[in-house]
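Student: Sequence and predicted structure are below.
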Amino acid sequence: MRPDTVLWRSAEGVAYTAPDPALNPLVPGFVDIIDQTLLPGEFKRILLSDPQTVYEAIKRLAVRGAPAIGCAAALGLAACAQRFSVPGREEFLACLYQTAAYLESSRPTAVNLSWALRRCCAKTSECAGGGSELLGVLLNEALAILAEDIAMCDAIGRNGLTLLKDGMGVLTHCNAGALATGGCGTALAPVYAAQKAGLRLHVYSDETRPLLQGARLTAWELSQSGVDVTTICDSMAAQVMREGRVDIVIVGADRVAANGDAANKIGTYQLAIAAKYHRIPFYIAIPFSTIDRSIPDGSAIPIEQRDESEITTFNGRRISPQNIKVYNPAFDVTPASLITGYITEKGVVSAI
Ligand code: MRU
């Protein structure tokens, strides 16, 4: 099951996940996402077409996961641009860059966001035409990013499958599945490939405090697909490893530095340390669009700091005393020395 986390919705209501000559770029469409803040209780799709709602959807994690953010931002930019009311090419491009910069500022850590927006802007500015030509190039590029993402997930799945055997226990953290990409996921892609190949895996899904992407999203999408999944608290991971239940750890990443250090959801680093101690292989599943070679090592990766209310409240209820200090980094960096390998669309490699 692939829930179409991000797609393009035409004004007539037709869904697109790849460039299509039938699309008229002069008729404004929408980026269509699942509102993941409501899952698993409610499955609701929302249509976005203006800069503020696209920005807010990314900021409040209605769409989240590095590749999905990149796809949503690219399609969101195209939807916004279709509604610009500017007279000429230069004004259009100025407006495009300004909107892209605004969307890029919604979340700092996932490099796919700036990568996708910059790619759309660069491709559009190469077009010498005006009006419909610019809009056509922009929409095609955004849809190409989505189509590539879908294919990239399938390739990661095929490559990661080579690491899996029937009966294995797989531990994952956060959600790097279909809900985090345009396709079937990064870390979960090999799990889906294994399921298709008839392997029976046992997946342990860390709950992933504070926003519970593991407990809410990974558990939801795996169980919807009939994969055997067990939710554990983040603090249980080392014990579950010691009990011999975990043969491999596979997680995604939001940005990988040139030396292989990988930023991923807070809690990933301690998993890598525990995996090393228990001699369990620890893999990062990523598309090449998540590698940022402009950053030499993990210390330069920008780490998003999120609102303290994510920690001080639970189920809408305050759980902390008033006036306490809170520290809420959304990501941590796992050093390359703790990473066994990288599962990419081009193969499994021990260094990037
Ligand atoms: O804050 P989130 O939910 O966007 O964090 C997502 C993650 O940390 C994922 O593991 C990462 O983006 C890889 S998604 C394929």
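Tutor: Arrived safely, thanks for sending.

Student: So residue 350 versus the ligand, what's the distance?
Tutor: According to C-beta to the nearest ligand atom, to the nearest Å, residue 350 and the ligand sit 20 Å apart. Glycine gets a C-beta too; all of them are placed from N, C-alpha and C.

Student: wait, that residue sits on residue 336?
Tutor: No - with contacts defined as C-beta atoms under 8 Å, residue 350 does not count as touching residue 336, sitting 9.7 Å away.

Student: what does the protein put close to the ligand?
Tutor: The chain comes close to the ligand at residues 61, 64-67, 110, 174, 176, 180-181, 186, 213, 252-254, 264-265, 330, as judged by C-beta under 6 Å from any ligand atom.

Student: Can you report how many residues neighbour the residue in the stretch 201-350 of the chain that the ligand sits nearest to?
Tutor: Nearest to the ligand, among the residues of the stretch 201-350 of the chain, is residue 252, at 2.8 Å (C-beta to the nearest ligand atom). By other C-beta atoms under 10 Å, 32 other residues sit near residue 252.

Student: Now do the end-to-end distance for stretch 31-44.
Tutor: 14 Å (C-alpha to C-alpha, to the nearest Å).

Student: pLDDT (mean, whole number) over whatever helix or strand residue 156 lives in?
Tutor: In the assignment (DSSP states H and E), residue 156 maps to helix 131-161. Regarding helix 131-161, the rounded mean pLDDT is 97.

Student: On the C-terminal side of that helix, identify the next helix or strand.
Tutor: Trace forward from helix 131-161 with DSSP H and E and the next one is strand 169-172.

Student: got the contact list for the helix or strand of the chain with the lowest mean pLDDT?
Tutor: None of the helices or strands of the chain scores lower by mean pLDDT, DSSP states H and E than strand 313-314, at a mean of 92. With contact meaning C-beta atoms under 8 Å, 6 or more residues apart in numbering, strand 313-314 is reached by 319-320.

Student: So in that sheet, which strands flank that strand, and in what orientation?
Tutor: strand 317-318 (antiparallel) (DSSP bridges).

Student: hmm, back to that, mind checking how far the helix holding residue 156 is from the chain centre?
Tutor: 14 Å (C-alpha atoms, centre = their mean, to the nearest Å).

Student: Which other helices and strands does it contact?
Tutor: strand 6-9, helix 66-81, helix 89-104, helix 111-126, helix 189-196, strand 282-285, strand 341-344, strand 347-349 (3 or more C-beta pairs under 8 Å, 6 or more residues apart in numbering; DSSP states H and E).

Student: so of those, which one's packed in deepest?
Tutor: helix 66-81 (a mean of 30; mean count of other C-beta atoms under 10 Å).

Student: Quick one: mean pLDDT for it?
Tutor: 98.

Student: Check stretch 41-59 too.
Tutor: 98.

Student: Span of that stretch from start to end?
Tutor: So stretch 41-59: terminal residues 21 Å apart, C-alpha to C-alpha.

Student: mind listing what's buried in it?
Tutor: 48-49, 51, 53-55, 57-58 (16 or more other C-beta atoms under 10 Å).

Student: Those: which two are farthest apart?
Tutor: Across the buried residues of stretch 41-59, no pair lies farther apart than 49 and 58, at 14.3 Å, counting by C-beta to C-beta.

Student: what's the offset of the least confident helix or strand of the chain from the middle of its chain?
Tutor: That offset, for strand 313-314, works out to 24 Å (C-alpha atoms, centre = their mean).

Student: tell me, what residue is most central in this protein?
Tutor: With distances taken as C-alpha atoms, centre = their mean, residue 65 lies nearest the centre of the chain, 2.1 Å away.

Student: No further queries at this time; thank you.
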